[in-house]
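In: Predicted coordinates and the sequence they were generated for:
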4 protein chains.
Amino acid sequence: MSARLHKWFIEETSVDTAHMFGVKEYIVSAKTPFQEVEIADTETFGRILVLDGKIQSSEYDEYVYHEALVHPAMLCCAKPRRVLVIGGGEGATVREIFLHPGVEEVVMVDLDREVVTLCREHLPSWHRGAFDDKRLTLHYMDARDFLVDNEEQFDVIISDVPETVEASPALKLFTCQYFELVRNRLSDGGVFVLQAGDFGLPFVGTHCAILNTVRQAFPDSYSYRTFISSFNTEWAFIISFKESRDKPDSAEIDLKVRERGLSLRFLDGETAASMFSLPLNIRKLIEKEKRIIDDQNLLTSY
Amino acid sequence: MSARLHKWFIEETSVDTAHMFGVKEYIVSAKTPFQEVEIADTETFGRILVLDGKIQSSEYDEYVYHEALVHPAMLCCAKPRRVLVIGGGEGATVREIFLHPGVEEVVMVDLDREVVTLCREHLPSWHRGAFDDKRLTLHYMDARDFLVDNEEQFDVIISDVPETVEASPALKLFTCQYFELVRNRLSDGGVFVLQAGDFGLPFVGTHCAILNTVRQAFPDSYSYRTFISSFNTEWAFIISFKESRDKPDSAEIDLKVRERGLSLRFLDGETAASMFSLPLNIRKLIEKEKRIIDDQNLLTSY
Amino acid sequence: MSARLHKWFIEETSVDTAHMFGVKEYIVSAKTPFQEVEIADTETFGRILVLDGKIQSSEYDEYVYHEALVHPAMLCCAKPRRVLVIGGGEGATVREIFLHPGVEEVVMVDLDREVVTLCREHLPSWHRGAFDDKRLTLHYMDARDFLVDNEEQFDVIISDVPETVEASPALKLFTCQYFELVRNRLSDGGVFVLQAGDFGLPFVGTHCAILNTVRQAFPDSYSYRTFISSFNTEWAFIISFKESRDKPDSAEIDLKVRERGLSLRFLDGETAASMFSLPLNIRKLIEKEKRIIDDQNLLTSY
Amino acid sequence: MSARLHKWFIEETSVDTAHMFGVKEYIVSAKTPFQEVEIADTETFGRILVLDGKIQSSEYDEYVYHEALVHPAMLCCAKPRRVLVIGGGEGATVREIFLHPGVEEVVMVDLDREVVTLCREHLPSWHRGAFDDKRLTLHYMDARDFLVDNEEQFDVIISDVPETVEASPALKLFTCQYFELVRNRLSDGGVFVLQAGDFGLPFVGTHCAILNTVRQAFPDSYSYRTFISSFNTEWAFIISFKESRDKPDSAEIDLKVRERGLSLRFLDGETAASMFSLPLNIRKLIEKEKRIIDDQNLLTSY
């Protein structure tokens, strides 16, 4: 009465590499005006969110991804009162932000209302009610338009939009013009963090180009990364400071976590040390990188 | 905004052979007390029904399977008034039976109420309302128990149950004791037909054993088969006559189809000729077959 | 010390369908000027030959393919003395031809010397020494050039070239201009046979177009087909007669096989009946087909 | 004339997770008395060595694996003169050892002569002639027998044997009895390092059990890990000191690398900091681990 596994999600990472996930059940398969969305229950990683064939996060280890994305920036900002989230439809980014005392307002700008609605319904362990927090304002629009139209300033800006899909509207959220705009919307002492691509050796070139581009607007930008089991790879982030400063060290992170009374599962000082220390071979690639992504020359043209 | 295909149904046909189907959307994934059920929309074959990882039929070519299963037996029976269907949860078997004028009663015995309910809801192009026909009686029970408990006789008995799954309750519907029971429930001039496994050369041994077993109860039994595109293989059937007679020929089929006023998509005399003519290499395997499947020695013990 | 299977040959048959074969060992992986060649030992089908990702034949059932390709044409030709083979690099086509008494000369024209050399070395159970027969002449050149340059006539012409690969030089061996040329090279009473594509329902349109095209030069052309297990599909052939005649029937095939003293594994009268009887649904597609493939409008433009 | 990729190596990491690698060419497929061996050229990672279906290292990033395995132990040993390598058939472990000045003798014990011979022939960029170094002695035998029979002492012992295969003879190289034996063969100030399994969250339990077991013999044992792109996961190592000491820090590694005049591609102080800093979630799993693997209760019994 039992049977071998036969439903597979195959995530192609290039024309000749892929990851296979045994699926228990597909919950949602939808096409929005902007992307293809799947929500599925896998055998090993529990529920997963897939956009355009790429796994975005899994129930099993989304806390690793979202703690890595959110907390370094929040902790390095002295008093993060107003926070802007670009993308982050699952709601877990917002959830982590609200853990910090003193947050007064979070603005989330996501292009795709349908994805947010689906996440809200089907990913309760991600958002855990964060969408209902009164301090949250949601805008369904292009993040770049939002920043152009809107002169408000934010203490922390968190960008969690995919970088890899051809012809994606997200591509213009990775250009030097855009990063300049972000800088202008940061308050003094503000911190910007973005998800910044696959850090695996065959794919890290994209990350290097993004880093070099961010540095045009933010000279004090630092790559960090962590391994995400459900991604089958290390994932990279870039933290950028409006004011000049060094990358955070282990002691600073431990101190701030304590001060804010946070109880985290993944991030502490030692974790941060492991994330911000980069291997020599990739540091050399970063040093050699000369490319700057601009509006006339988007990421996919590489 | 588009993306490569990433949802795959992989049908394993042995430990080292498989068929891959790109899936648009999974409609149902359920576990009943008896089996795992999936209903999915594939790119090439439209909607498919999958039981325990094996494709049962597709929207695209189920008419080939069901016309091949139902009509030879119905046409070779002079006046099929009472028909018994064992399995056949999709409802397409019953649909084809009702095309024959003079059918007064159809009894369908399927073990799995949940599968029938799911098919009724999600496979409308299969049953096309046949479940609502007043002449149909549905029993959710073991077919063998039904035949033991019930002394009624039928003009045509159609068995459409899977033969390959380990520990399946269907296994005792492929033994000589069972076929003897079926014979006793056939009226004079009655015809029995069963789906009888993969006819592809690496797998045809199972079919040969089933045929040899059926012949213990029905000496006048004939294999036939047709290629089913969505199965990626030829599929075998066995037609068995209570009275001694030859396999049907092309002229007989054409005549009967005309007499009954049937308008079929797949089956006619020439199609029947192609199905009932078997290649020499497999005829030789059939001749050499000596195994008899019995209750103490079920199919999977081979 | 044992391990699950991990070497897979995945034959893509469309963007959303594929067949998986567990491989014991890859023997050859080569790129010739014309195509990609693999020879591998699979678990179920023994050795296989793969050109441009498509399985051409397997040790396990190549006799089915080659008997189906060669013998109907040879048997329908009263006295096949001079035979032309186009393609057929494995040597099995030639092997089957030489079984017929009275064959005086076989000319084989294959574009790809390297494939023939590899087959000769690695597929001994295919050719069984046929390449060493003194009656065989081998030309490594384009078959169309050969026919244009060469005014000789043949009693039987057998075309065994792939039809599906984009930009393949074989594409101009499927046009009405080419088939006219073939007709001119056939002696009176001559027979032409060609492999003519996948007969599975989703793919049979290509076959229908080829048949309609051949019929421009040979009004007396007949489709036939057989299931090939290692192809996971039925494969189609077309037999064309210079003189007007019907397709062969079962009695004719049995008689000719006996007269020529052939001892075949797959083909006899009943097998032929199964191959030449086509199912109604596909006969209707054939009837409706209006496309003619010509030199300005090659197969892949469909 | 071109074709989609069709040769795939599928590395199953559990019944429901796998990694797919497009293969250009299989170079070797062999079965030794101990394991199944493949050497293949992949599209992305160049040449790979596969034992029992698991990728052991790739041409593309073996330097990451072998620098991570060898140098921390060598650098933490004041004067590594005599070094024992267990497993490590590719020859890259030995290659890295010989970079350290003062090495007088390397003994390598590998069970499988055939694997070593194949690596020597087909993985020249791994060993780079290290097998020809006069200071190397090779024994083809069980490492445990070697240690039992042999009372010599070593300054550094490096174990590079797979931990995951059922019924593998390597399983008894992961028990507390074995680690006790290793301790006895280490000279004063000696260092032991072993590859210690997948560090990905779903699989890290095995690593935790190994660490807890090693600590029975070596209280001063430290896990470290690095992401290996061709493994699609982080890989773990354990370094164990005979004398009590802390894990190495960044400054120590940089100093020692300089002193020994090493020119490495991957390892330096910052890399070491990233490897030896472990994330909080996994540190907690390590702390909770109570299992001890012993000779009566091998790894696969978990």
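Out: Sure thing, it's come through.
In: Start and end of stretch A:263-274, how far apart?
Out: 19 Å (C-alpha to C-alpha, to the nearest Å).
In: where exactly do the helices run in the stretch 151-300 of chain A?
Out: All helices of the stretch 151-300 of chain A, identified by DSSP state H, counting those that start in this stretch, fall at A:176-185, A:204-217, A:250-259, A:269-276, A:280-288.
In: which helices and strands does the first one pack with?
Out: Judged by 3 or more C-beta pairs under 8 Å, 6 or more residues apart in numbering or on different chains; DSSP states H and E, helix A:176-185 is in contact with helix A:143-149, strand A:154-160, strand A:186-198, helix A:204-217. In this view, the C-beta of every residue, glycine as well, is placed from N, C-alpha and C.
In: chain center to that helix, what's the gap?
Out: Centroid separation for helix A:176-185 versus its chain: 17 Å, with C-alpha atoms, centre = their mean, to the nearest Å.
In: Now do the domain split for chain A, please.
Out: A:8-58, A:62-301 (automatic domain parsing).
In: Columns distance to D:Ile27, mean neighbour count and mean pLDDT on top of these, output as a markdown table?
Out: Formatted as a markdown table, the domains of chain A follow (distance: least, C-beta to C-beta, whole Å; neighbours: other C-beta atoms under 10 Å in any protein chain shown; pLDDT from 0 to 100):
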| stretch | distance to D:Ile27 | mean neighbour count | mean pLDDT |
| --- | --- | --- | --- |
| domain A:8-58 | 17 | 20 | 95 |
| domain A:62-301 | 21 | 20 | 96 |
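In: a markdown table for those domains, including distance to D:Ala217?
Out: Below are the domains of chain A laid out as a markdown table (distance: least, C-beta to C-beta, whole Å):
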| stretch | distance to D:Ala217 |
| --- | --- |
| domain A:8-58 | 33 |
| domain A:62-301 | 26 |
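In: Quick one: closest of these to D:Gln35.
Out: domain A:8-58 (23.5 Å; C-beta to C-beta).
In: close to chain C, is the closest one?
Out: No. Using C-beta under 8 Å from any C-beta of the partner chain, domain A:8-58 stays clear of chain C, with a minimum separation of 11.1 Å.
In: how far does that domain stretch from start to finish?
Out: Domain A:8-58 has an end-to-end distance of 16 Å (C-alpha to C-alpha).
In: cool, stretch A:240-255 as well?
Out: Rule used - C-alpha to C-alpha; the end-to-end distance of stretch A:240-255 is 20 Å.
In: Please say whether there is contact between the helix or strand A:Ile10 falls within and chain B.
Out: Using DSSP states H and E, the element containing A:Ile10 is strand A:7-14. Yes. Against chain B, strand A:7-14 shows contacts by C-beta under 8 Å from any C-beta at A:7-12.
In: any chance of the residues you listed in CSV, with distance to B:Lys24 too?
Out: Listed next are the residues of strand A:7-14 next to chain B as CSV, based on distance: C-beta to C-beta, whole Å:
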residue, distance to B:Lys24
A:Lys7, 13
A:Trp8, 15
A:Phe9, 14
A:Ile10, 15
A:Glu11, 17
A:Glu12, 17
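In: Report the contact partners of the nearest residue to A:Cys208 once chain neighbours are set aside.
Out: In space, and not counting its chain neighbours, A:Cys208 is closest to A:Glu289: 4.0 Å by C-beta to C-beta, 6 or more residues apart in numbering or on different chains. Each residue near A:Glu289 by C-beta atoms under 8 Å, 6 or more residues apart in numbering or on different chains is listed here: A:208-209, A:211-212.
In: swap in A:Trp126?
Out: A:49, A:57, A:59, A:62, A:90-92, A:95, A:119.
In: Which of the three states applies to it?
Out: At A:Trp126, secondary structure determined by DSSP: H, G, I helix; E, B strand; the rest coil is helix.
In: if I look at it, how far off is C:Ile292?
Out: 58 Å (C-beta to C-beta, to the nearest Å).
In: can you check A:Glu104 too?
Out: Distance from A:Glu104 to C:Ile292, counting by C-beta to C-beta: 74 Å.
In: Does anything pack onto the strand or helix carrying A:Ile39? Which helices or strands?
Out: Assigned by DSSP H and E, A:Ile39 falls within strand A:36-42. Packing partners of strand A:36-42 (3+ C-beta pairs under 8 Å, 6+ apart): strand A:7-14, strand A:17-31, strand A:46-51, helix A:113-122.
In: among the contacts of A:Trp126, which two are most distant?
Out: A:Leu49 and A:Arg95 (14.4 Å).
In: any idea how far A:Lys256 is from B:Asp268?
Out: In terms of C-beta to C-beta, A:Lys256 sits 80 Å off from B:Asp268.
In: Could you export the helices and strands packed on strand A:36-42 as CSV, including distance to A:Ser187?
Out: Formatted as CSV, the entries for the helices and strands packed on strand A:36-42 read as follows, by distance: least, C-beta to C-beta, whole Å:
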stretch, distance to A:Ser187
strand A:7-14, 38
strand A:17-31, 38
strand A:46-51, 31
helix A:113-122, 26
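In: Can you tell me which of these is nearest to chain D?
Out: strand A:17-31 (2.8 Å; C-beta to the nearest C-beta).
In: close to chain D, is the closest one?
Out: Yes. Using C-beta under 8 Å from any C-beta, strand A:17-31 comes into contact with chain D via A:17-22.
In: Any residues of the stretch 101-250 of chain A in contact with chain D? List them.
Out: A:199-202, A:226-227, A:229, A:232-234, A:250.
In: which other residues reach stretch A:251-262?
Out: Against stretch A:251-262 from outside (C-beta under 8 Å, 6+ apart): A:71-72, A:75-76, A:99-101, A:264, A:267-269, A:271-272.
In: Just give me the closest of those to chain C.
Out: A:Thr271 (34.4 Å).
In: Against D:Cys176, how distant is the closest residue to the closest one other than its chain neighbours?
Out: Sequence neighbours aside, D:Pro279 is the residue nearest to A:Thr271 in space, at 4.4 Å (criterion: C-beta to C-beta, 6+ apart). D:Pro279 is 27 Å from D:Cys176, where distance means C-beta to C-beta.
In: what's near enough to touch the residue nearest to A:Glu12 when sequence neighbours are not counted?
Out: Nearest in space to A:Glu12, with sequence neighbours left out and distances taken as C-beta to C-beta, 6+ apart, is A:Ala18 at 4.7 Å. Counting by C-beta under 8 Å, 6+ apart, A:Ala18 touches A:10-12, D:19-20.
In: Would you reformat these as CSV and include distance to D:Asp112?
Out: Listed next are the contacts of A:Ala18 as CSV, based on distance: C-beta to C-beta, whole Å:
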residue, distance to D:Asp112
A:Ile10, 33
A:Glu11, 34
A:Glu12, 35
D:His19, 24
D:Met20, 27
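In: circling back: go through the residues of strand A:7-14 next to chain B and say which is closest to D:Pro80.
Out: Closest approach to D:Pro80 among those (C-beta to C-beta): A:Glu11, at 42.9 Å.
In: wouldn't the closest one be in contact with A:Leu51 here?
Out: No. In this structure A:Glu11 lies outside contact range of A:Leu51 using C-beta atoms under 8 Å: 11.2 Å.
In: hey, what's in contact with both of the two?
Out: Residues touching both A:Glu11 and A:Leu51 (C-beta under 8 Å, 6+ apart): there are none.
In: Identify the residue spatially nearest to A:Glu38, adjacent ones excluded.
Out: Per C-beta to C-beta, 6+ apart, closest to A:Glu38 is A:Val50, 4.1 Å.
In: Across the sheet, point out what pairs with the one you found.
Out: For A:Val50, the beta-bridge partners under DSSP bridges are A:Glu38, A:Ile55.
In: Show me which residues of the stretch 1-150 of chain A are close to chain B?
Out: Contact residues, the stretch 1-150 of chain A versus chain B (C-beta under 8 Å from any C-beta): A:1-12, A:23-26, A:29, A:34-36, A:38, A:50, A:52-53.
In: let's see it at 7 Å
Out: Within the stretch 1-150 of chain A, the positions lying close to chain B (C-beta under 7 Å from any C-beta of the partner chain) are A:1, A:3-4, A:6-12, A:25-26, A:29, A:34-36, A:52-53.
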